[in-house]
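**Q** Here is a sequence with its predicted model. Questions after.
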Amino acid sequence: MNEAQGVDGDGDGVLSAEACLSLGDLGPAASRHNWRRSAVAVDGETVFAGLADGRVLASEVVESNVTERWAVEGDGERYVVSMDVADGLLVTGERGPEGRICVRSAETGELLWEYVTAEDVGSPADETFFAQPFVVDVQVTGETVVAAARRYERDGDVQEWSSVVYGFDLEGDLEWAFDAQASPIAFDVSAERVAVAYNRCPDNHDHDHGLVVLDRKTGEEVANWDPGTPGERRVGDVALTEAGIAVASHGDKHGYLLDENCGELWRVDLASEADLEGETVYAYPNHVVAGDGTAVFVTGNTFAEETRDPEGRHPNEHTAVGVDLESGETVWSHDVRGFARCVSADGDFVAIPSAQNFRERDAETHAVHVLETESGPLESHPVEGISSAGDLAEGRLAVIEEPVEYHDEGISRGAYRLHTWRLDGVDR
C-alpha cells in the first residue's frame, strides 16, 4: 500500500494526485528516445500496468491507497507495450521473440487465450530489440479484439517490414487478417470500421497507402488514402470521428480530415518544411485524437533535410494543436515541450505525457499535460523522469514514469513508477 504524492505547483489545477507505486528497477532511458517498454490502462478504480520485464499488474486505487489485485510474473525476455481493457477482458501486446497477444480476465489475471504473431510476421532476424515482433496496438470493441503487429529487418540498404492487422472474436478465434509489407503505427476502431495508419511504406513493395480502412467484421479493405509524397514516410496516426477520419500525415506534415470514402475535406499545416537561417527543418505530426467537435494533433521532434543535428528548431515542434472539425481552422495551440509517445482522450479531455526533448535535454520540460479539446490547456504537471505511457479514462489519469539519464549530464532522474491522478473541478 502506497501513500499518495501531492501535486507540485500552486494546487489550483484540475489534477488531484492519488497514488504513486514503485514498479521496481529499470535502466534509465538515454538522451534519445527508447522504444516503448511499458503500457497502462484504466478501468474504473483498477489500473493495469504492463512492464519492461513482461510483468502485468492490476492495482485498485481507492482514496489515495493502492492495493494489488493480482500480478503476472514476467520472464525478462519481452516487453508489454500495448494494452486495452473492456467488458471484463484485459488485452496486452508484447514486443518479444513471439510478439504475443494475450487476453486475460481483468478480474483475476487468468490467461484466457493468446496468439503468437511471429508465426505470421516472422521470427526475429537477429537478437536486437528492434528486430523483435512488435504488437503495436490492441483494442477491444463490441465483439471484436483488434490488434496490429509488425516486424522489421534490414539487409544492407534494403529495409523490410512485414505486418498483420487482426480481428479476433472474444474467445480467440481469428475472424480475419490483413497483411502488408509496411509498418503500421496506430489504428482506430468504430462499430463498423478499422482505420489503420502506416508510417512507413517502402518503395520496393506494392503497399503504398498510408491509410487503409477495413470493415470491422470482415477485414475487407473499403477505402484507402495517401498523402502522395515521395519517400516511405506516410501517416503517423488516425482517429475516427463523427465528422470524418482525422489523419496526422508524416508525408507532408499536415493534418487532414477525410470523409468516409477518404475524400479530403480539409487540411492544415502542422509542421511542414521551414527555412531557418539556411537549414530546412520540419517535425512529424505523430498523434491525433478528437472530441467536442475538435481534432487535437501533436507534433514531435525537429528534423532537418541536410543534417542529423540541426541548429534551429521548428517553431511548431512538440506542439498540441486544436483544429475545428467543421471548418479546419486552428483554434488553439500548446507547447508540450518534449516528445509525446502517446496521447489519451476521454470525452472532451486529452492527456499528453511528454518525455525528453533529446535536442534541448532539459529536465524542467518533463511533464504531463491535460487539455480540453475545445479550449486547450488546463494544467501541466511536472514529472521527475519521463512519461512513457498514459491512459485517461472515467476521470482518472494513469501514467508510467521511467528514469532518464542525459548523456551530457550524467545524472539519473526519476524512477520506474506508476502515478495516478483524478480530474477535479471539471464538469463531467
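**A** Received it, and whenever you're ready, just let me know what you need.
**Q** which SSE is Gly27 in?
**A** For Gly27, there is no host helix or strand (DSSP states H and E).
**Q** Skipping its backbone neighbours, what lies nearest it in space?
**A** Pro403 (7.8 Å; C-beta to C-beta, 6 or more residues apart in numbering). All C-beta spots, glycine's among them, are computed from the backbone N, C-alpha and C.
**Q** got it, and Leu21?
**A** Leu418 (4.4 Å).
**Q** Now do the contacts for the one you found.
**A** 19-21, 23, 40, 47, 49, 59, 398-401 (C-beta atoms under 8 Å, 6 or more residues apart in numbering).
**Q** returning to that earlier point: let me know whether the residue nearest to Gly27 touches Arg417 as I believe.
**A** No - the criterion here is C-beta atoms under 8 Å, and Pro403 misses it with Arg417 at 9.2 Å.
**Q** Neighbour count for those two, which is higher?
**A** Neighbours were counted for Pro403 and for Arg417 using other C-beta atoms under 10 Å; Arg417 has more, 23 against 18.
**Q** so what's that one bridging to?
**A** On the basis of DSSP bridges, Arg417 is bridged to Ser22, Glu401.
**Q** got the contact list for it?
**A** By C-beta under 8 Å, 6+ apart, the neighbours of Arg417 are 20-23, 400-401.
**Q** Quick one: the residues you listed as CSV, columns for pLDDT too.
**A** Compiled in CSV, those are given as follows (pLDDT from 0 to 100):
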residue, pLDDT
Cys20, 94
Leu21, 95
Ser22, 96
Leu23, 96
Ile400, 97
Glu401, 96
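**Q** just the buried members of these?
**A** 20-21, 23, 400-401 (16 or more other C-beta atoms under 10 Å).
**Q** what comes up buried for stretch 272-280?
**A** For stretch 272-280, by 16+ other C-beta under 10 Å, it's 274, 279-280.
**Q** So which of those belong to strands?
**A** 274, 279-280 (DSSP state E).
**Q** Just give me the closest of those residues to Ser333.
**A** Closest approach to Ser333 among those (C-beta to C-beta): Ala274, at 15.5 Å.
**Q** Gly156: neighbour count?
**A** 5.
**Q** now it: how far from Gln132?
**A** 21 Å (C-beta to C-beta, to the nearest Å).
**Q** Check Ser333 too.
**A** Distance from Ser333 to Gln132, counting by C-beta to C-beta: 36 Å.
**Q** who has more neighbours, these two?
**A** Of the pair Ser333 and Gln132, Gln132 is the one with more neighbours under other C-beta under 10 Å, namely 25 against 16.
**Q** so where does Asp84 fall, helix or strand?
**A** Assigned by DSSP H and E, Asp84 falls in strand 79-86.
**Q** For that strand, name the packing helices and strands.
**A** When contacts are defined as 3 or more C-beta pairs under 8 Å, 6 or more residues apart in numbering; DSSP states H and E, strand 79-86 packs onto strand 39-43, strand 46-50, strand 89-95, strand 134-141.
**Q** Sort out which residues of the following helix or strand past the longest one are buried, please.
**A** Going back to what we said before, that points to strand 134-141. Next helix or strand after strand 134-141 toward the C-terminus (DSSP H and E): strand 144-155. Buried residues in strand 144-155, counted by 16+ other C-beta under 10 Å: 144-153.
**Q** Nearest to Val383, out of the buried ones among the contacts of Arg417: which one, please.
**A** Glu401 (5.6 Å).
**Q** Hmm, Pro382 and that closest one touching each other?
**A** No - at 11.0 Å, Glu401 does not count as touching Pro382 under the criterion of C-beta under 8 Å.
**Q** Give me the distance between the two termini of stretch 124-141.
**A** 30 Å (C-alpha to C-alpha, to the nearest Å).
**Q** avg pLDDT for that stretch?
**A** Across stretch 124-141, pLDDT averages out at 92.
**Q** Begin at 52 from now on, thanks
**A** In the new count, where the first residue is 52, that last one comes out as stretch 175-192.
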